[in-house]
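A.B. asks: got a sequence here, can you build the structure:
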Amino acid sequence: MTREVEHEITIDAPAAKVYRLIAEVENWPRIFPPTIHVDRVEGGADGTAGAGEERIRIWATANGEAKNWTSRRTLDPQALTIAFRQEVSAPPVASMGGTWIIEPRGENSSRVRLLHDYRAVDDDPEKLEWIDRAVDRNSRSELAALKRNVELAVGAAELTLSFEDTVRINGSAKDVYDFVNEAGLWKERLPHVAEVSLTEDTPGLQVLRMDTRTKDGSVHTTESVRVCFPHHKIVYKQTTLPALMSLHTGYWLFEEDASGVTTATSQHTVVLNTANIAKVLGEDAGVLEARDFVRNALSTNSRATLGHAKEYAEARR
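C.D. replies: Next up, the predicted model:
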C-alpha cells in the first residue's frame, strides 16, 4: 500500500531563492536538522541549481536512528520543482519519493509544498506507522528550518562562523584517521574527554555521545552523528548541542603526501544561539564575545585531539 502525504509552509522570501537553497545539496546539513551529510554522486558537478538529473547520497536521522540512502533528483528551475526518488531505501522503507514545489506568492513570499509517497517493507502496518511518524517529524522540521534559514540568511551572517585548525604529522593518514575514528577510546586517550559512548550499527555511520571538560572545569554533553570515509575524512553533525550553539557541523580531513607526511585538519561551522549568550557569558556579553568564546573552546579541543593523534601516528611510523 502506497501512502501519499503533503506538508507545506509559507516563507517570506522570493521563490527563486528558496528553490536554489533546496537545489544546492551542499547546504542541507546547515538548513535541515535531520541531514548529517550529502554527497553528489552523479550530475550537477558544477554545484549549480540548473535543470537536469542527478544522484545524491544522503546520511540523515529518522526517529533518532541514523540512516543513509541514494536518491535520484530531477531539477526544473523554470517550474521551481524538484522531484526525488530513493534508489535503494533503508528498511523499514520499501520505496520513497516525492516532490518539492515552490510557488511564488508575490515578490517576496513563497509557498513551499513537500510531497511524499512511500511504502513499508512487506506492507507491514507497524513499519508504515514508523515511516508515517518519521516523514511527518522530518517534514515539519525541514520546512520550519528552511523558513528560518531563508528568512534569516542576511541578518544571521554575524551569527555564523567557520574555521579550521591544521597540523602536519610525520605519520600515515591511516594512523591519524584511526585515532579519530576510534573515538570510543577517547576517555583513555584525551584528557578533555570525561565520558564517551560510541555506537556503529552500520559500518562507517557512528553515533558519538561525549562529556567534554572545558578550561573552567565545567562539563558539557554533546551527541554527534559521524559519517566515516576511510582513511580520508570524517564528517559530523552535532544532534545534542552546547547552550551557545544552535548548529554545529564539521569534518576531520587527512591528506598524506608522497613523502608520507599527513596534513590533518579539523573544520567547524557554527551558528550561535543568541538566546543563551547572557545566561552562559553574563549580561554584558554579546555576539562578539560569544563568537570568541565558541571558537576558542572548539579550537582548544580540536588542537588537543590533533596533538594526541600526531603523537599516536608518529609513534607508529
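
A.B. asks: show me what the nearest residue to Gly43 once chain neighbours are set aside is bridged to.
C.D. replies: Distances taken as CB to CB, 6 or more residues apart in numbering place Glu54 nearest to Gly43, at 3.3 Å, with adjacent residues excluded. No exception for glycine: its C-beta is placed from N, CA and C like everyone else's. Taking DSSP bridges as the rule, Glu54 bridges to Arg73.

A.B. asks: measure Glu54 to Ala15 for me?
C.D. replies: According to CB to CB, to the nearest Å, Glu54 and Ala15 sit 21 Å apart.

A.B. asks: what of Val235?
C.D. replies: Distance from Val235 to Ala15, counting by CB to CB: 31 Å.

A.B. asks: before we move on, what about Asp216?
C.D. replies: Taking CB to CB, one finds Asp216 at 47 Å from Ala15.

A.B. asks: kindly report the same for Thr265.
C.D. replies: Distance, Thr265 to Ala15, using CB to CB: 37 Å.

A.B. asks: tell me which of the two has more neighbours.
C.D. replies: Remark: of Thr265 and Ala15, Ala15 carries more neighbours, 20 against 16, as counted by other CB atoms under 10 Å.

A.B. asks: is it true that the more buried one touches Gly106?
C.D. replies: No - Ala15 is beyond contact range of Gly106, at 9.4 Å (criterion: CB atoms under 8 Å).

A.B. asks: Val280: neighbouring residues, count only.
C.D. replies: 15.

A.B. asks: repeat for Arg30
C.D. replies: Neighbour count for Arg30, taken as other CB under 10 Å: 17.

A.B. asks: helix, strand, or coil at Thr249?
C.D. replies: The three-state assignment at Thr249 reads strand, by DSSP: H, G, I helix; E, B strand; the rest coil.

A.B. asks: next one: Ile82
C.D. replies: strand.

A.B. asks: pLDDT value on it, please?
C.D. replies: For Ile82, the model assigns a pLDDT of 96.

A.B. asks: report the helix or strand with the lowest average pLDDT across the protein.
C.D. replies: helix 28-31 (a mean of 86; mean pLDDT, DSSP states H and E).

A.B. asks: mind giving me the packing neighbours of the following helix or strand past that one?
C.D. replies: Later in the chain than helix 28-31, the nearest helix or strand by DSSP states H and E is strand 35-42. The elements that strand 35-42 packs onto, with contact taken as 3 or more CB pairs under 8 Å, 6 or more residues apart in numbering; DSSP states H and E, are helix 28-31, strand 52-62, strand 219-229, strand 233-240.

A.B. asks: give the pairing partners of strand 35-42; include direction for each.
C.D. replies: When DSSP bridges is applied, strand 35-42 pairs with strand 52-62 (antiparallel).

A.B. asks: just the CA atoms of the partner strand, as PDB, please.
C.D. replies: The C-alpha trace of strand 52-62 is given here as PDB (Å, rounded to 0.1, in the frame of the first residue of the first chain):
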ATOM      1  CA  GLY A  52      18.600  18.100 -15.200                       C
ATOM      2  CA  GLU A  53      19.100  14.700 -13.400                       C
ATOM      3  CA  GLU A  54      21.400  14.000 -10.600                       C
ATOM      4  CA  ARG A  55      22.100  11.300  -8.000                       C
ATOM      5  CA  ILE A  56      22.800  12.200  -4.400                       C
ATOM      6  CA  ARG A  57      23.700  10.100  -1.300                       C
ATOM      7  CA  ILE A  58      22.200  11.300   1.900                       C
ATOM      8  CA  TRP A  59      23.000  10.500   5.500                       C
ATOM      9  CA  ALA A  60      20.300  11.600   8.000                       C
ATOM     10  CA  THR A  61      18.500  10.700  11.200                       C
ATOM     11  CA  ALA A  62      14.900   9.400  11.300                       C
END
